[in-house]
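Chemist: Everything below, folded, please.
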Amino acid sequence: MTTFPDGFLWGAATAANQIEGAYNADGRGMTLNDVTTSGSANKRRQNTYIIDGSFGETDKFQPIPDGAAYAVNPDCYYPNHKAIDFYHRYREDIALFAEMGLKVFRMSISWSRIYPDPAQLSPNHEGLRFYHQVFNELHKYNIEPMITISHFDDPILISTKYGGWENPEIINYYVKYCNTLFLEYKNDVKYWLTINEINLSLAAPGLFWKGREKEMLRQTYQELHNKFIASAKAVILGHSICPDFKFGCMIASEPAYPATCKPDDVCSTQIYTQRLDDYCGDVMCRGEYPRFSNRLWRECGFAMELTEEDKETLKKGKVDFYSFSYYRTTLCNKESNGSMSMTKNEYLDVTDWGQSTDPYGLRYFLNRVYYRYQMPLMIVENGIGCQDVLTEDGKVHDTYRISFLKDHIKNIESAIDDGVEIMGYTAWSAIDLISASSGEMKKRYGFIYVDLDNEGKGSGKRYKKDSFDWYQKVIRSNGRQL
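Modeler: Residues are numbered from 1 along each chain as shown. Model (predicted):
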């Protein structure tokens, strides 16, 4: 039987905006998450704003009205403000991670905690100090940190003052931020992911931008180009500062199957895969835009201005490994026009939040991506959100989570047997956290239960779930005991 390679990076993942809390402590600046309310499986999260002295709110994927400014409404609840208070409880949490046996802990640094204003010249030293303390605590237990540099936590001023990522000046701000991190933590961090789920804005424009698809796609392609250049410059800079640094892209994978065997559905699936997976993957792993990019740009009336300097930067700034999130698969048909379809796959079970469960899809994706890029792969998010129940004796019997993760890990093992080079796996998530999509606490992903509800009420006490003990055995046995 195939075994996981020696040195396989078993771990778990989180994101700063979903665990840290302390949103306005020690000089941290505002982010869009700080003006985003909670939602549910049936209601999207809202962004709040103020205009003419009155508060309003709008879907988080839609712009606020002209003349409005993002603002915190004292009558609204913002789950990311407090989150699970990792900012003050990181020592307790990391001790639990060590007990579970994590080899690597994927986390992010909040850009706004380091540079509240991305244009400011000097970093916030309180923010730098906090992450030094976290890294010291991780190394005390021989846990390797893996850092996502930008994980949906950019300073709000990027969008409100500096024109968003469409503005090429943001590239310079990002590289300055990276330079600070690389110099400050070059003895603490080896693995870096440049921009989280960089392709997510291309996933389903019809779902998020009704009536504005072409306009928003043009904006997205320009923003993505600037992010590609920023990432490449960060990789070049990081390798010059420390040759041992390893950089990964971070792609949101949602592999698609044709809804039927009709040729139109098959072609629609191909177009979806090119746009969602290969467009960003090719640029970051091959160092150049794929040839089908011209078709994508032409369809929305976008004209890419690609200089020779840009081409050289992208080629030199290729990443060292391919990392991605994997939660589910989707279906495509002719009507979806290259976007994910909301058609239910009758062969798959779904969670309370509509997430299909498809462990075989992970093996499929691993094979497809590896033989496209021929570089090490790492699954840096994979998990299931469930309504866990804490019993009176402080237990959480999450057999469903164990079953989900076990089936996915078996398919990782099968992919290794297929010849795929896989360097590690960080399950989502190490500990219960604020759901990025719905803002809920009851949508729980962690191996560790946090006693907080959807309004942030509760003791905040941590409890080990049954999956905690199970994953501990998986790690100790290097995947032999599932």
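Chemist: Point out where the stretch 201-350 of the chain drops to low pLDDT.
Modeler: In the predicted model of the stretch 201-350 of the chain, residues 204-211, 337-342 satisfy pLDDT under 70.
Chemist: What ranges does it have for its strands?
Modeler: Counting by DSSP state E, counting those that start in this stretch, the stretch 201-350 of the chain has these strands, from start to end: 246-253, 256-258, 321-326, 330-332, 349-350.
Chemist: repeat for the stretch 1-150 of the chain
Modeler: Counting by DSSP E, counting those that start in this stretch, the segments of the stretch 1-150 of the chain that form strands are 9-13, 46-51, 54-59, 69-70, 104-108, 144-150.
Chemist: tilt between the third one and strand 46-51?
Modeler: Our comparison of strand 54-59 with strand 46-51, counting by axes from the mean of the first three to the mean of the last three CA atoms, to 10 degrees, yields an angle of 150 degrees.
Chemist: For strand 54-59, name the packing helices and strands.
Modeler: On a contact count with 3 or more CB pairs under 8 Å, 6 or more residues apart in numbering; DSSP states H and E, strand 54-59 meets strand 46-51. To be clear about C-beta, it is placed using only N, CA and C from the backbone, and glycine gets the same treatment.
Chemist: Output the strand it packs on as PDB, nothing but the C-alphas.
Modeler: Provided in PDB are the C-alpha atoms of strand 46-51 (Å, rounded to 0.1, in the frame of the first residue of the first chain):
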ATOM      1  CA  GLN A  46     -23.800  42.700   4.200                       C
ATOM      2  CA  ASN A  47     -21.400  45.600   4.200                       C
ATOM      3  CA  THR A  48     -22.500  48.700   6.200                       C
ATOM      4  CA  TYR A  49     -22.000  52.300   5.200                       C
ATOM      5  CA  ILE A  50     -23.100  55.800   6.200                       C
ATOM      6  CA  ILE A  51     -24.500  58.400   3.900                       C
END
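Chemist: Start at 28, not 1
Modeler: Yep, numbering from 28; the last one is strand 73-78 now.
Chemist: What residues sit buried inside the one helix or strand residue 200 maps to?
Modeler: According to DSSP states H and E, residue 200 maps onto helix 196-211. Neighbour counts over helix 196-211 (16 or more other CB atoms under 10 Å) mark 197-198, 200-202, 204-205, 207-209, 211 as buried.
Chemist: Quickly run through the sheet partners of the helix or strand immediately after it in the chain, with directions.
Modeler: Sequence-wise, the next helix or strand downstream of helix 196-211 (DSSP H and E) is strand 218-222. As defined by DSSP bridges, the strand partners of strand 218-222 come to strand 171-177 (parallel), strand 273-280 (parallel).
Chemist: Show me how the protein divides into domains.
Modeler: 36-54+109-503, 66-103 (automatic domain parsing).
Chemist: most packed of those?
Modeler: Highest mean neighbour count among the domains of the chain (mean count of other CB atoms under 10 Å): domain 36-54+109-503, with a mean of 19.
Chemist: check contacts around residue 354.
Modeler: Residues in contact with residue 354 (CB atoms under 8 Å, 6 or more residues apart in numbering) are 281, 382, 408-411, 455.
Chemist: on contacts alone, who are the packing partners of the helix or strand encompassing residue 451?
Modeler: Using DSSP H and E, residue 451 falls within strand 449-455. Using 3+ CB pairs under 8 Å, 6+ apart, the elements in contact with strand 449-455 are strand 36-40, strand 131-135, strand 404-408, helix 426-444.
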